[in-house]
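S.K.: Mind folding the following:
(2 chains)
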Amino acid sequence: MTVSRPVEILDSSLRLRFASDATFDVARGRRPGTMKNGKRLIAIAMIVIAAAVIGATTWTISPAFAHGGEEGEEVDPVNLVEQALAIVINTPAKADEALERVEAALAAEAEEPTGELDIAAVEAAAEALETDDLHEAEDALVAALGSDPHASVDEPVRESASKSEGDHTEEGPGNSDVVAHGPTERVDGGFSAPSRTDIAALAAAAALAAGGFAFVYSKKRGNS
Amino acid sequence: MTDLLTAQPKDDSTEDLSRVARWRAAVDERLGISALRYPVPRHSNTVAWTLGGLTLASLVILVLTGILLAQFYTPTPQDARDSVLHIQSQVPFGSLLRGIHIWAAQAMFVLALAHLARILITGSYKRPREANWLIGLALLGMVFLLIFTGSTLRWDQEAFEAVAHNSELAGLAGGFGTWFTPEFGAGTAVVSRLYLAHVSFLPTVVFLLLILHFALVRRHGVSPSSDVPVGGVDDDTKVPFTEHVRHLVGWSFILLSILVALAALTSAPIGAAPVDGVEVTKPLWTFYWVFQLENWIGIDGLFWAPTVVMLFLAALPFLDRSPQRRPGRRKWVIGSALVLFGALTVFTLMVAFSGPGAHLT
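M.R.: Model prediction:
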């Protein structure tokens, strides 16, 4: 193995460097390695303070609001039922908020019927929510919305103008064979019972691990 | 003909050996593989010095599984979620592939952070490696963006809310956020543009940055241990770089085996169809720390939190200018980093044990 520079020269260079630092430190009455620490701390503190000030300023300008339901907004019963469904699915602990939305949807429908909701199902959902039967509430809310899972789902920034509803079920060149799934069809994360494929994958993983350890710990001729 | 009939059998092993040697020499003459046997310090074969390589291995796994998943994915608001459910339930090995992809993304995040921590602790960002530290930070930012764009593609409630945050952030960023606004690219849905970013634009930037990153590693050499001060020479025993590659390949196999096992034993989640007007999900755990800051200071936290953290990290080589690399001699750096990463860990845990909050206006 070769070294790029003779060790003597390098050591000499290092000594010079450290000697220079030590001289600098002695002149300021500090230990080597701690010089300028005060300045650095001040610089970091200034960055943190600046960030805090800017953050606090912008916070005061635009405080956070809950999304949806602000006063003065037009009430859409269908959207309220969809929101209730999303709450039941994603945050079951906040079922009371789902009930509020279901009751608001019923009130809006009573005032000005849209005909887009199955009112009996919405009422059933309200009853289920009052008794904390979330499974029943979810089924009722899905029934209240009808069968089309995407009919009222808006793209947050803009709606796609490139494709109409249902195109994805047609066959032909360029189309996938993907079929629409229900709005509440989902896959929960976490541990699951392994399938045959998974067991085969676990066996492959064990082989990979063994191969990996063999690579890492095998001694190659001429080395080590 | 006579010669062929009367010829004695030769020593096959010698003949084969010389053939192999000749074949190797011929290949090496054309590809220059022996150039990879340049010396690197022995400590580069430790796990701590292999973290960057393992981050790259995660990226390679992500690219390979991503190419396969892309064959079955439809990047439109109408079909995205259905196509992911299709991959999960109908495509052969689809669930496993998607699981490996998602676990590999999280592994890349963890390994990139661990790589950063190793460099920070051993002072490897010091002269002459300041530029490579900044390139590494840019790569870390790209990792964040890749994970963010990837998490939006399944187009469920969580993805929908993430994109809504994205749109709000675009407003905060002013002109820099134009790409995310409805006015930009009319006729193309945002999810399609995020998909494009995920599979095309961001990987291109990542690979360009990686080329620079590795070129600078090659130029400056593998960073020395923290015992060697700036300007000193690493007198650790040298081994060929190919030996390091062998270790890296081995650890990459072990990493892949862990990812495959995790994918086999767990399900990658897909939520219900998205609904506008509610915030009922939390993002992937990698964004929990930002989420907690959003809980406190609103949507602005989404912009300021990563900005402040990145500025702090980017400033480190220019603030920490002593020749010392030993953590014990750089107490203010190590202390500041511990406070920062401790805070981020606490924020992450706070969100892990709490429900989703409302941030959007």
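S.K.: Every contact and neighbour count from this point should use C-alpha atoms.
M.R.: Fine.
S.K.: The closest residue to B:M350 other than its chain neighbours - how many residues pack around it?
M.R.: Using Cα to Cα, 6 or more residues apart in numbering or on different chains and skipping the chain neighbours, the partner closest in space to B:M350 is B:Q292 (7.2 Å). Using other Cα atoms under 10 Å in any protein chain shown as the criterion, B:Q292 is surrounded by 24 other residues.
S.K.: Correct me if wrong: B:Q292 contacts B:V346.
M.R.: No - look at B:Q292 against B:V346 with Cα atoms under 8 Å: they stay out of range, at 9.5 Å.
S.K.: Let's see the one helix or strand the residue nearest to B:M350 maps to as PDB, backbone CA atoms only.
M.R.: Here B:Q292, judged by DSSP states H and E, is contained in helix B:288-297. Extracted C-alpha coordinates of helix B:288-297, given in PDB (Å, rounded to 0.1, in the frame of the first residue of the first chain):
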ATOM      1  CA  TYR B 288     -45.000  13.100  10.900                       C
ATOM      2  CA  TRP B 289     -42.500  15.800  12.200                       C
ATOM      3  CA  VAL B 290     -43.700  18.300   9.600                       C
ATOM      4  CA  PHE B 291     -47.300  17.300  10.400                       C
ATOM      5  CA  GLN B 292     -46.800  18.100  14.100                       C
ATOM      6  CA  LEU B 293     -45.400  21.600  13.200                       C
ATOM      7  CA  GLU B 294     -48.400  22.100  11.000                       C
ATOM      8  CA  ASN B 295     -50.600  21.300  14.000                       C
ATOM      9  CA  TRP B 296     -48.800  24.100  15.900                       C
ATOM     10  CA  ILE B 297     -48.300  26.800  13.300                       C
END
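S.K.: And the helices in chain B?
M.R.: Secondary structure of chain B (DSSP state H): helices located at B:2-6, B:12-31, B:51-70, B:80-89, B:94-121, B:130-152, B:157-172, B:190-196, B:202-220, B:241-265, B:288-297, B:301-319, B:331-352.
S.K.: From A:A200, how far out is the residue nearest to B:M350?
M.R.: Going from B:Q292 to A:A200 by Cα to Cα, to the nearest Å gives 40 Å.
S.K.: Tell me which helix or strand in chain A has the weakest average pLDDT.
M.R.: helix A:7-28 (a mean of 36; mean pLDDT, DSSP states H and E).
S.K.: In the stretch 101-250 of chain B, what residue lies closest to chain A?
M.R.: Taking Cα to the nearest Cα, chain A has its nearest neighbour within the stretch 101-250 of chain B at B:G250, 3.9 Å off.
S.K.: Tally up the residues packed near that residue, please.
M.R.: Count around B:G250 with other Cα under 10 Å applied: 23.
S.K.: Pretty sure it sits against A:A210.
M.R.: No - look at B:G250 against A:A210 with Cα under 8 Å: they stay out of range, at 9.2 Å.
S.K.: quick one: low-confidence ranges for the stretch 151-300 of chain B?
M.R.: B:173-177, B:180-183 (pLDDT under 70).
S.K.: switch to 90 and redo it
M.R.: B:161-191, B:193, B:225-238, B:271-282, B:290-300 (pLDDT under 90).
S.K.: can you check chain A too?
M.R.: Using pLDDT under 90, chain A drops low at A:1-79, A:81-83, A:85-97, A:108-121, A:132-195, A:215-224.
S.K.: Could you check how far A:A95 is from A:A126?
M.R.: For A:A95, the distance to A:A126 (Cα to Cα) stands at 10 Å.
S.K.: my bad, B:V206
M.R.: 51 Å.
S.K.: These two: which has the busier surroundings?
M.R.: A:A126 (24 against 19).
S.K.: Follow the chain on from the helix or strand encompassing the more buried one and name the next helix or strand.
M.R.: Element membership of A:A126, judged by DSSP H and E, is helix A:119-130. Counting by DSSP H and E, the element after helix A:119-130 in chain order, helix or strand, is helix A:134-145.
S.K.: Show me what the helix or strand that that next one is followed by is packed against.
M.R.: Per DSSP H and E, helix A:134-145 leads on to strand A:190-191 as the next helix or strand towards the C-terminus. Packed against strand A:190-191 by the contact rule (3 or more Cα pairs under 8 Å, 6 or more residues apart in numbering or on different chains; DSSP states H and E) you find strand B:266-267.
S.K.: Just the CA trace of stretch A:122-134, in CSV.
M.R.: Only the C-alpha atoms of stretch A:122-134 are listed here, as CSV (Å, rounded to 0.1, in the frame of the first residue of the first chain):
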residue,chain,number,x,y,z
VAL,A,122,-79.1,8.5,5.6
GLU,A,123,-81.5,8.3,8.5
ALA,A,124,-80.4,4.7,9.1
ALA,A,125,-76.8,6.0,9.2
ALA,A,126,-77.7,8.6,11.7
GLU,A,127,-79.3,6.0,14.0
ALA,A,128,-76.3,3.8,13.7
LEU,A,129,-74.0,6.6,14.5
GLU,A,130,-76.0,7.5,17.6
THR,A,131,-75.6,3.9,18.9
ASP,A,132,-71.9,3.9,17.8
ASP,A,133,-72.5,1.0,15.4
LEU,A,134,-69.9,2.2,12.9
